[in-house]
Each structure stands twice: as C-alpha cells, then as structure tokens.
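Novice: Fold the following, please.
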Amino acid sequence: MPITEKENQSNISVARNMIEPLRSRRFTSFPGRVWLKLLASVPPDTIPDLTDFQAPITSLITLQPEFAAILLSIDELDPLEMIQKSQDTIFLQNMGSDLVHLMLRQLINNDASMEQALTSLRKAYLQYVFRQPADVQPQHLQTMATIAAQCFNNEYVFYETCEEEELCKELFANAEPGDSGTFSFVAKVVAYGMYHPLHSLSLSERQMQILSQYGEDVQKLIDRRIRDDAIEKNLADGMPSFGQIENAISKKVRQQYEEAPYPRWLDFVFPEPRPFNTYIKDKIPFCDDVPRAGTVQCLVAGCGTGHHAITVATRFTECSVVAIDLSRRSLAYGARQASRYGISNIEFVHGDILEVGALKRNFDLIEAVGSLHHLEDISSGIQALTEILRPGGFMRIAVYRRSFRDRLKPARAFAWERLQTFTTSELRAIRHALMTQKAFDIETAKALRDFYYTGGFRDLLCHVQELSFTPMEIKAMLEKLHLQFLGIDYSDTPAIKAAFLAAHPDETSSRNLDVYEEFEASRASEMPSLIKFWVRKNG
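Specialist: Now for the predicted structure:
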C-alpha cells in the first residue's frame with residue numbers, strides 16, 4: 001500500500017527528531033552506516049540550517065572505510081574509477097539522497113580529508129570531460145555542478161596542478177560556433193566552472209539561454225556565478241560614501257578587501273526578533289535602565305560582506321542599521337544579499353571608522369566585531385565610535401586574542417616568506433605548501449573555517465595589518481577612554497561561560513578583567529580567536 005502524504009510527513013518528522021542529537025557533533029570514529037542512512041532519510045530542504053549538521057555529515061562520510069580506501073588509492077585510480085567510487089561513498093547516490101549535494105552547494109567545506117577527495121574528483125572529471133566529452137552523462141553534470149558550486153563558494157582554494165591548468169585552457173580550443181547547443185559544450189562549461197568563475201568565459205546571452213535549458217543545476221551556476229557578479233559591480237559603483245580615507249594603513253586594508261571581500265557567506269537563517277531592552281537584559285543581566293520604546297539606531301562598524309549587519313537588522317523588533325566598511329566590493333556583496341532576503345532597514349555606506357564622525361549621526365548600539373584590530377591604532381578607532389554613541393549607549397567589540405594569535409605565528413611567518421603578489425594562484429600554492437610541510441603543526445589554523453576559502457586564508461594568515469590583545473591591555477584602553485566594561489560576550493562559547501560561572505559565581509567577577517585574565521590563562525587552549533565584550537558610554 002502506498003504511503004500517504006500524512007504518513008510521509010510523519011516519517012520525516014520522526015527522522016528529524018532522531019537526528020537532532022547529531023546537531024554540531026563531529027564523530028571521531030565511524031559508528032556505522034545506520035547514521036548515514038538516518039541523515040539521508042531527511043529531505044535536505046526540511047533542515048532549517050544545514051550549518052548545524054555539516055560536522056556530523058562530513059565526519060560520517062570521511063570516517064567510512066570506503067572513503068579511507070579512496071584516499072589510500074587516490075593516485076592510482078583512473079578518472080572513471082574515481083568518479084564511480086565517489087558517487088556512493090561521498091554523494092550517497094545509493095541512498096537516493098541529495099543531502100551532500102545541497103551541503104556542498106550551500107556551505108564551504110571545512111574538512112581537510114573531504115577537500116583532498118573533492119580535489120582529486122574535480123581533476124578526474126576535468127580529464128574525463130576533456131578526453132571523452134561524448135561519454136559524459138546527466139548524473140555526471142549534477143556532481144560537476146556541485147563541485148563547481150563548492151569551488152565558487154571557497155573562491156577556488158583547492159590546489160590545482162599544472163596539468164589541470166593546461167587542460168582548462170584547452171577545453172574550448174577546438175570549439176565550433178555550432179557547439180553551443182551540444183551536451184558536450186555544456187559539460188565543458190561546467191567543468192571550467194570547477195576551476196574559474198564563469199563570468200570569465202564571457203558567454204553570450206544566447207549561450208547562457210542554451211545552458212539554462214540543461215536543468216536547474218546549470219541554471220543556478222549561471223545565476224550565482226554570472227548575474228550576481230554584474231549586480232554587485234553596479235552596486236559598488238553607486239555605493240554612497242562619507243569622509244575621506246586618509247590613513248595609510250586604512251588604505252592598505254581597503255585594498256586587501258577590495259581584492260578579497262570578507263567574510264565569505266552564502267545563505268542566511270533569520271533569528272527570532274526581540275525588543276532591544278529584552279536582548280540587552282539577556283546579555284547583560286544587571287542592566288535595568290535600558291530604553292523600552294522606539295526604533296533602535298544601530299551602527300555596524302566594519303561590516304565586511306554584510307552578514308553581521310543583516311543579523312543585527314533582523315535581531316530586533318524595531319531597528320535601523322547603518323553598515324560601514326572600507327571596501328566597496330564587500331558592501332556591494334552585503335547590499336545584494338540584503339536585497340535577496342528582502343531586508344530594507346540597512347543602509348550600506350563606504351568609509352573609514354576613523355572618519356565615522358562625518359556621518360553626523362548618533363547611535364544607541366554600535367557593533368565592531370573583528371574590524372578594530374586591523375586599524376593602525378585601535379584606541380583612535382574606539383574613540384571615534386564613542387563620540388557618535390549616545391550617552392548610555394552600548395558597544396559590542398571583538399578583537400584578536402593574543403594567546404590564540406601567537407599559536408598561528410609559525411604558519412603566518414611561513415606564508416609571509418613566500419608572499420609576493422597576493423593573487424589567488426599564489427595564495428593557493430602557499431596554502432598547499434603549508435598543508436604538506438612537516439616542520440610545525442598547523443592544526444590550530446586547520447580548525448578554523450577561514451582556512452578553507454581563499455579570502456579567509458588571506459585574512460587568517462596573510463593580512464596586511466593585525467593587532468592582538470590581552471585582557472589587561474583591553475582594561476587599560478577602556479579606562480583611558482572612560483568606557484564602562486560590562487562583561488565578556490559568551491554567545492558563541494556557552495561551555496566557556498559555564499566554566500567561568502562555576503569558578504566565579506558572584507556577579508561582580510563577570511565585570512572584572514583581572515579575574516578574566518586569570519581564567520583565560522588557566523584555559524588557554526580552549527579560548528577562541530576573538531575576545532568579545534560589551535562596554536557602555538556613561539550617561
């Protein structure tokens with residue numbers, strides 16, 4: 001008897017409840033295929049945020065004995081063998097699930113073993129398309145489109161051999177005018193898209209229309225890799241500005257982010273909006289004098305590509321957001337994404353934090369998360385922000401933690417010894433050399449999402465300007481600026497918050513940076529990259 005729609009929805013609901021304990025879990029040993037089958041039984045589009053399940057999905061796949069066998073024989077497999085073995089082992093084709101396809105299209109892979117397999121599979125597909133284009137099948141196109149999407153997501157960070165570089169150049173060497181309508185031409189375009197942005201092909205509108213007829217997989221490649229690029233260029237050209245960017249360091253940082261907008265993000269999950277006073281009370285329980293009514297005026301200082309600004313804009317029931325950054329390209333990315341999600345209460349503006357007074361506006365809340373440590377002098381930046389913060393207003397700040405950044409020094413020195421041009425190909429080669437060297441451990445870097453896409457790798461290890469701080473240095477700076485320290489923001493580290501409260505349950509300790517420095521020293525290996533904290537301007 002066929003399953004009714006009601007029974008089907010019930011089965012999906014049961015499966016979703018069963019996978020809930022897997023949220024954010026990374027397996028360290030293979031627990032059996034039953035867990036993969038369970039994950040595959042849930043329609044991917046019913047999972048609200050795939051990010052929460054990226055770790056369990058990826059670790060389950062890479063811990064399979066079959067996956068280990070692929071890696072062991074990866075240099076001996078011919079292209080077709082690699083393609084065939086990957087369909088069931090990586091993409092779960094035998095389970096009839098598109099879960100892995102969707103994950104790799106929506107997210108940035110952050111697993112080194114998965115990257116190794118995908119890099120080899122990409123090469124196998126390129127060789128197959130180049131040598132046997134007539135043998136390419138529709139299921140091959142789906143997987144190539146997924147790899148092309150992943151490489152677009154990670155800004156083509158996967159290592160590329162000289163052979164692959166030459167094959168890409170020769171893909172269209174013998175193309176005839178009438179080839180545009182053939183399946184082999186479509187396969188070559190998608191194969192090219194695994195290595196380079198499709199807009200670099202300069203396809204005609206007619207060719208794009210023809211390509212679009214080959215299914216949703218190809219259509220999405222065109223929309224996100226060609227049309228979005230054109231939209232962002234127009235937005236960047238028309239971006240409003242304030243003040244002048246005069247500081248020499250600010251100019252260098254601007255150049256970096258024009259070349260490599262940061263951070264890379266693709267999709268957005270809306271938070272549950274709350275009144276501003278409720279939000280502040282939750283974050284800072286002892287604050288009892290937060291205004292209850294009116295539209296909250298927010299500034300996101302150094303908003304990058306806009307994810308943070310969009311989060312702030314959708315966090316509160318009533319708010320207006322100004323988002324500023326040095327990079328027009330980064331702002332354009334954010335503006336396009338805001339439009340995509342129908343978010344209209346953000347104003348993106350180009351300019352330097354040091355010149356923020358030129359906005360001639362005042363704010364109830366300022367968020368500067370991950371931007372101030374790229375200034376020449378952080379005190380000058382916080383002072384400029386304080387001057388436009390209303391009396392009694394709040395500021396949320398995040399800066400690099402000295403103890404964490406010190407662990408990245410060997411990798412950073414390794415990269416800077418080899419840097420010359422900052423091109424994608426150079427950064428990709430340096431990253432590959434770093435991953436294959438044995439002189440020092442790079443696990444700290446490999447544990448970070450930024451390591452797995454080109455702009456993130458550059459920001460992580462090749463930034464033109466970075467400062468880092470200890471809790472005591474933050475204390476001295478805040479005292480000098482007459483800002484009230486309200487406590488550490490543990491939003492992303494609940495386990496560390498629980499440990500701190502267990503050791504220091506009295507409320508006043510949470511506002512004492514001397515106590516926090518001792519706590520940090522006792523758990524140095526557990527501390528994240530950023531120190532996030534709240535301050536308030538005196539009323």
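
Novice: Could you pull out the strands in the protein for me?
Specialist: 296-301, 319-325, 346-350, 363-369, 389-400, 483-488, 530-537 (DSSP state E).

Novice: Would you mind giving the ones you listed as TSV with mean neighbour count and mean pLDDT added?
Specialist: Glycine gets a C-beta too; all of them are placed from N, C-alpha and C. Putting those into TSV (neighbours: other CB atoms under 10 Å; pLDDT from 0 to 100) gives the following:
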stretch	mean neighbour count	mean pLDDT
strand 296-301	25	98
strand 319-325	24	98
strand 346-350	21	98
strand 363-369	23	97
strand 389-400	20	97
strand 483-488	19	97
strand 530-537	20	98
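
Novice: how about the ones you listed, which one is nearest Val100?
Specialist: strand 530-537 (30.9 Å; CB to CB).

Novice: by contact count, what packs against the lengthiest helix in the chain?
Specialist: Using DSSP state H, we find that the single longest helix of the chain is helix 112-131. When contacts are defined as 3 or more CB pairs under 8 Å, 6 or more residues apart in numbering; DSSP states H and E, helix 112-131 packs onto helix 54-62, helix 65-72, helix 79-89, helix 138-153, helix 162-170, helix 183-193.

Novice: mind saving the C-alpha coords of the fifth one as CSV?
Specialist: Extracted in CSV, the C-alpha atoms of helix 162-170 (Å, rounded to 0.1, in the frame of the first residue of the first chain):
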residue,chain,number,x,y,z
CYS,A,162,50.0,22.3,-14.0
GLU,A,163,48.2,19.6,-16.0
GLU,A,164,44.8,20.9,-14.8
GLU,A,165,45.7,24.4,-15.6
GLU,A,166,46.6,23.4,-19.2
LEU,A,167,43.5,21.3,-19.7
CYS,A,168,41.3,24.2,-18.6
LYS,A,169,43.0,26.4,-21.2
GLU,A,170,42.4,23.8,-23.9
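
Novice: So which bits of that helix are buried?
Specialist: 164, 167-168 (16 or more other CB atoms under 10 Å).

Novice: circling back: please tabulate the helices and strands packed on helix 112-131 in CSV, including the columns mean pLDDT.
Specialist: Below are those laid out as CSV (pLDDT from 0 to 100):
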stretch, mean pLDDT
helix 54-62, 95
helix 65-72, 96
helix 79-89, 94
helix 138-153, 93
helix 162-170, 94
helix 183-193, 90
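
Novice: The longest helix of the chain versus helix 54-62: what angle between them?
Specialist: 60 degrees (axes from the mean of the first three to the mean of the last three CA atoms, to 10 degrees).

Novice: before we move on, back to that, please tabulate the strands of the chain in JSON lines, including the columns distance to Met194.
Specialist: Output for those, formatted as JSON lines (distance: least, CB to CB, whole Å):
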{"stretch": "strand 296-301", "distance to Met194": "34"}
{"stretch": "strand 319-325", "distance to Met194": "31"}
{"stretch": "strand 346-350", "distance to Met194": "32"}
{"stretch": "strand 363-369", "distance to Met194": "34"}
{"stretch": "strand 389-400", "distance to Met194": "34"}
{"stretch": "strand 483-488", "distance to Met194": "43"}
{"stretch": "strand 530-537", "distance to Met194": "34"}
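
Novice: Can you check which of the ones you listed gets nearest to Asp228?
Specialist: strand 346-350 (16.1 Å).

Novice: got the contact list for the closest one?
Specialist: 239-242, 303, 306, 309-310, 313, 320-328, 331, 334-335, 338, 359 (CB atoms under 8 Å, 6 or more residues apart in numbering).

Novice: returning to that earlier point: for the longest helix of the chain, what is the average pLDDT?
Specialist: For helix 112-131, the mean pLDDT works out to 96.

Novice: Now do the buried residues in that helix.
Specialist: In helix 112-131, counting by 16+ other CB under 10 Å, buried: 113-130.

Novice: so that helix versus helix 79-89, what angle?
Specialist: 140 degrees.

Novice: Now Arg511: closest residue in space that isn't a chain neighbour?
Specialist: Gly487 (5.4 Å; CB to CB, 6 or more residues apart in numbering).

Novice: so who does that neighbour touch?
Specialist: 284, 510-511, 533-534.

Novice: and if you look at Thr314?
Specialist: 270-271, 273, 343.

Novice: so which of those is the most crowded?
Specialist: Neighbours here mean other CB atoms under 10 Å. Within the contacts of Thr314, the largest count is held by Ile343, at 19 neighbours.

Novice: quick one on the thing from earlier: just send the contacts of Thr314 back as CSV, with pLDDT and distance to Asp75 too.
Specialist: Listed next are those as CSV, based on pLDDT from 0 to 100; distance: CB to CB, whole Å:
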residue, pLDDT, distance to Asp75
Phe270, 93, 45
Pro271, 92, 46
Pro273, 95, 52
Ile343, 97, 48
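
Novice: now the helices for the stretch 401-539 of the chain?
Specialist: 402-407, 409-416, 424-436, 443-446, 454-461, 471-481, 494-503, 513-522 (DSSP state H, counting those that start in this stretch).

Novice: Distance check, the residue nearest to Arg511 against Gly539.
Specialist: 18 Å (CB to CB, to the nearest Å).

Novice: Next, the contact list for Val157, please.
Specialist: Per CB under 8 Å, 6+ apart, neighbours of Val157: 151, 427-428, 431, 452-454, 457.

Novice: Let me know the closest of these to Asp229.
Specialist: Cys151 (15.1 Å).

Novice: from what I can see the closest one touches Met194, true?
Specialist: Yes: counting by CB atoms under 8 Å, Cys151 touches Met194, with 5.4 Å between them.

Novice: More neighbours: the two, which one.
Specialist: Using other CB under 10 Å as the criterion, Cys151 and Met194 rank with Met194 on top: 27 against 24.

Novice: Local confidence estimate at that one?
Specialist: Taking Met194 on its own, its pLDDT is 96.

Novice: ok, now how distant is it from Pro391?
Specialist: Met194 is 55 Å from Pro391, by CB to CB.

Novice: can you check Leu36 too?
Specialist: 57 Å.

Novice: Contacts only, for Pro65.
Specialist: Phe30.

Novice: Okay, now the unreliable bits of this protein?
Specialist: Applying pLDDT under 70 to the chain flags the ranges 1-16, 174-181.

Novice: these two touch, right, Leu461 and Ala411?
Specialist: Yes: between Leu461 and Ala411 there is a contact under CB under 8 Å: 5.5 Å.

Novice: list the residues that contact both of Cys151 and Met194?
Specialist: Arg122.

Novice: residues in contact with Phe242?
Specialist: Contacts of Phe242 by CB under 8 Å, 6+ apart are 324, 349-351, 355-356, 358-359.

Novice: Helices along the stretch 201-350 of the chain, start to end?
Specialist: Using DSSP H, counting those that start in this stretch, helices in the stretch 201-350 of the chain cover 205-212, 216-222, 228-237, 248-259, 276-283, 307-315, 328-340.

Novice: May I see the ones you listed organised as CSV, with distance to His101 added?
Specialist: Below are those laid out as CSV (distance: least, CB to CB, whole Å):
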stretch, distance to His101
helix 205-212, 19
helix 216-222, 9
helix 228-237, 20
helix 248-259, 31
helix 276-283, 37
helix 307-315, 24
helix 328-340, 21
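
Novice: Look up the closest residue to Pro528, ignoring the ones flanking it.
Specialist: Thr493 (5.9 Å).

Novice: Surely the one you found and Ile531 touch.
Specialist: No: the criterion here is CB under 8 Å, and Thr493 misses it with Ile531 at 10.8 Å.

Novice: Good, wrapping up.
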